[in-house]
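Peer 1: structure for the following, please:
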Amino acid sequence: MNNTIMKRRTVLKAMAAGSAGFMFGSMPVLAQSSGKLVFMEPYDMALEYIHEMNAIVGGHFEKEGLDVEIASIRNTSAAIQQVVTEQAFVGRVGLLDVFKASEAQSEPVISVGTSLHHGIFNVVSRAGDPIRTPEEFKDKLVGLASIGGGQENMLNLLLAGAGVPFDSVNRQAIGSNAGNVEILKAGRVDAFLATVESALLLKRNNEPVEIWPASKYAPLPGGVLLMTRKFAEANPETVVKFLRAMRNSALEINTEDSGKILDRITAKFDIAANEDRDFRIAAIKAYNEMSFVNGEENVMRNVPDVMTMAADLASKANIVSVQDVNSLYTNEYIDAAIKG
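Peer 2: A predicted model of the protein is given here:
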C-alpha cells in the first residue's frame, strides 16, 4: 500500500456535482443560479465531506426537492466569504472558524448544525515514550503542519485547558503527512499532530506510536454548517430540508455497505485521498463515527454543552473571545427536520 497520503489542501479546485460553470482565478465565479444551491467547501474535495457528497449521489437532497452542488475554494476564509456574499448558501468549516468569523464579519453567521462532532486532529507520540495528556506536553517539542495554523491553534487549546504555559512547549513546523512518523521515531520531535487520515494510515501500518484524538481534551467540532443568519431566517423551509437530507445521509452511511457508498461517491467526485480502496473505506467509517460520538439523537445537531465548553476554551487560549456563544448557533432547523 502506498505509504503517503496525497496532500489535500494545496490545489485550488472547484469540483461541483454535475456543474461546469466554475471559473478559476483570484476568486472563482460562484453566483448561485435560480433554484440551485451552492455548498462551499474550504479545501479540495476529501472524504471528510462524506455527508454532503453522499447526500447528492444518494439522492437525499433530491428527495427533499433541493438542487445542491458542491464547490471548493482555496481556504476557510475564502469559503466563509462566499457564504457571506451570498455566492453560496452554506459552508462546512470548523467551529473555531465560526467564532473567528463572528468577530471579523459584519454579516452575522451561525452554525445551523454539526456534521463532525470531533475535530480532525490527533496527537501522535512514540509508544515507548508516549505523551498521553496535555499536561505532558510541557518541556516537549511538538511537530506541527505550520506555525500559526490550525494545528497550533489545537495545541494551544489543549494547553489552555490543562493550564500549561504556552511558552513551556516548543513547536516545530514539519508539514502534514504520515511520513512525519519518521521524524518522530528519529527523536527529532516528541509528538506531532496528525489528521484523521494520517493517523489512520499509521495504525494500518502498525507504526510504534500511540494516538489519541485532540477532541478528547479540546472538544471543538471539526465540521459545522455555517450560514448567514439572514439566509436561514429568510429560508427556513430550505434549511430544514437541507439538514434533514444531511442527517439522513449520515444515517445511511452508518448502516449501508461502505464500499457501496465509496463507489457511488468516487463515480461523481474526484477525491483527494490515498487511493487504496480499503483505506478509503476505513476513512469513510472514521469520519462518519465522528458524527455519532454524541449519540444518534445528536447527529447533525449542535450540542449546547459542547458549544459552551468550546467557546470557553477558545477564550482561555487567547484565540478568539466569544462574548455570546448562544448567538452563534441554533438547533431550531435541525430539530424541525428531525420532527418532520
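Peer 1: run through this structure and note the low-pLDDT ranges.
Peer 2: The chain contains residues with pLDDT under 70 at 1-34.
Peer 1: how is the protein partitioned into domains?
Peer 2: Using automatic domain parsing, the domain parsing of the chain gives 36-118+220-339, 121-216.
Peer 1: mind listing what's buried along stretch 114-128?
Peer 2: 114-126 (16 or more other CB atoms under 10 Å). Quick note: C-beta positions are derived from backbone N, CA and C, even for glycine.
Peer 1: swap that for stretch 303-314, sorry
Peer 2: In terms of neighbour count (16+ other CB under 10 Å), stretch 303-314 has its buried residues at 303, 306, 307, 309, 310, 311, 313, 314.
Peer 1: any chance of TSV for the buried residues of stretch 114-128, columns secondary structure and distance to residue 291?
Peer 2: Listed next are those as TSV, based on DSSP: H, G, I helix; E, B strand; the rest coil; distance: CB to CB, whole Å:
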residue	secondary structure	distance to residue 291
114	strand	8
115	strand	6
116	strand	6
117	coil	6
118	coil	9
119	coil	13
120	coil	13
121	strand	17
122	strand	17
123	strand	21
124	strand	23
125	strand	27
126	strand	31
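Peer 1: how many other residues sit next to residue 158?
Peer 2: For residue 158, the count of nearby residues is 25 (other CB atoms under 10 Å).
Peer 1: please read the previous query as pertaining to residue 138.
Peer 2: Around residue 138 there are 13 residues (other CB under 10 Å).
Peer 1: what's the distance between it and residue 170?
Peer 2: As judged by CB to CB, to the nearest Å, residue 138 and residue 170 stand 10 Å apart.
Peer 1: re the thing from before, tell me the one of the buried residues of stretch 114-128 nearest residue 229?
Peer 2: Of all those, residue 229 sits closest to residue 114, with 16.9 Å by CB to CB.
Peer 1: who are the contact partners of that closest one?
Peer 2: Residues in contact with residue 114, defined by CB atoms under 8 Å, 6 or more residues apart in numbering, are 95, 221, 223, 224, 225, 298, 300, 301, 302, 303.
Peer 1: any chance of CSV for those, columns secondary structure and distance to residue 57?
Peer 2: Formatted as CSV, these follow (three-state DSSP; distance: CB to CB, whole Å):
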residue, secondary structure, distance to residue 57
95, helix, 27
221, coil, 24
223, strand, 19
224, strand, 23
225, strand, 19
298, helix, 25
300, coil, 18
301, coil, 24
302, coil, 26
303, coil, 28
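Peer 1: out of these, which end up buried?
Peer 2: When these are checked for burial by 16+ other CB under 10 Å, the buried set is 95, 221, 223, 224, 225, 298, 300, 301, 302, 303.
Peer 1: for residue 257, state which of those residues is nearest.
Peer 2: Using CB to CB, residue 300 is the member of those that lies nearest residue 257, at 21.8 Å.
Peer 1: ok, now which ones touch that closest one?
Peer 2: Counting by CB under 8 Å, 6+ apart, residue 300 touches 113, 114, 115, 225, 243, 246, 247, 250, 291, 334, 337.
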